[in-house]
Every structure is written in C-alpha cells, then in structure tokens.
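[1] Could you look at this predicted model? Sequence included:
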Amino acid sequence: MSGLFDDFRSEFNKPNNTLVQLILVNVVIFLVLLVTKVSLTMAQNSGYGFIMSQLLIPGDLNAFLHKPWTLFTYFFTHEEIFHILYNMLFLYWFGRLIDEYLGNRRLMGLYIMGGVAGGLLYLAMYTLVPYFQNQADTARMLGASAAAFSVAVGAATLLPNYTFHLLFFGPVRI
C-alpha cells in the first residue's frame, strides 16, 4: 500500500503537473468520502449527511452566507463513480490542451474560476428565478462539471479547429 501512496505523492509533487494534481485531488477526496460514507453507514451513524452539507453549495443564499467556503469545496466533491469519471476524463482531455498552449498556471486559474463562476450562477438562479426559489432550501450542488466545462470552453475558444482522435468514434473536431 505504501508503494501506491508513494506513487501518488511522486506524481503530485512533480513540477508543472497541474492537470494531474487537479485530478488526483478530486479522486482522493472522492475516495475519502466513499470510505467515510461506507464506514458511517456500517456504524449506523448519520454523520455523513452533515459532512456533505459542509461541502456542497446550497441553493439558498442565506444558507450559503453561513458556509461561504462551499463556493470552493463543491467542485472537488463527487458521490457517484460515473460522475467523477466523466468529469475527470473531460478535464483530462481538454486540460491537456490548455496546459500545452497556455501553461499550468492558466489551467489552474481557469479551473478554479470556472468552478466559482458555476457556483455563483447556481446561487443566482436559485435566488433570482421564481421557479427555483421554491426549491432553494433543499437544493445542493456538487461536482466539477462547471470547472471542467470551463476548461473545455477555454480549449474550444483557443483551438476551435482542433481534432481529437477518440476510440470507437475516430476523429472528432471540437
């Protein structure tokens, strides 16, 4: 087990490796939450709901004002395996392009700013749109979709004619 931990630490500490670091942080948080959920469920403890309430961004503006850190924690939090898998694949494919053409620092900035912008838009929708206002007190958002899509939009804006070669699909233009 220490060999696997050493491999993760080695990959994480490599310079100019922002993309891998972002993916590893997301995966490690997912695994920690998964182990926590299983452990608390087996112990018949309901503390997992409280933990998640501290990480997910609430739809209610007043609840958010009591937990402003959720504007940053929600986009590192996943509960479903396919949710994190798709987000991290998407981040990897488009993040490689941003990393190659703009560099590590811009990739990190784009990821964080995209996640924050997604969170603010979510709060605005649940605060300003009457249809959503009725559901705001129970609504919560999680996942890196906003952050990953901001990287994808950045890559598509930067390289509109770029072509991916995908297994089973062949060449696909952005």
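    Structure received.
[2] Next secondary structure after the least confident helix or strand in the chain by mean pLDDT?
    Within the chain, confidence by mean pLDDT, DSSP states H and E is lowest for helix 2-13 among all helices and strands, at a mean of 64. The helix or strand immediately downstream of helix 2-13 is helix 18-42, counting by DSSP states H and E.
[3] tell me the mean pLDDT over that following helix?
    Across helix 18-42, pLDDT averages out at 95.
[4] Only the buried residues of it, if you could.
    Under the neighbour-count criterion of 16 or more other C-beta atoms under 10 Å, helix 18-42 has 18-24, 26, 29-30, 33, 37, 40 buried. In short, each C-beta sits where N, CA and C put it, glycine included.
[5] what do you get for stretch 76-87?
    Neighbour counts using 16+ other C-beta under 10 Å place 76-78, 84, 86-87 of stretch 76-87 among the buried residues.
[6] now stretch 163-172
    Result for stretch 163-172 [16+ other C-beta under 10 Å]: no buried residues.
[7] Tell me who's in contact with residue 79.
    33, 37, 52, 142 (C-beta atoms under 8 Å, 6 or more residues apart in numbering).
[8] now with 7 Å?
    residue 142 (C-beta atoms under 7 Å, 6 or more residues apart in numbering).
[9] So it, which state does it fall into?
    Per DSSP: H, G, I helix; E, B strand; the rest coil, the secondary structure class of residue 79 is coil.
[10] do you know how far it is from residue 141?
    12 Å (C-beta to C-beta, to the nearest Å).
[11] and what of residue 110?
    In terms of C-beta to C-beta, residue 110 sits 19 Å off from residue 141.
[12] same deal with residue 119?
    Residue 119 is 7 Å from residue 141, by C-beta to C-beta.
[13] Fine by me, thanks again.
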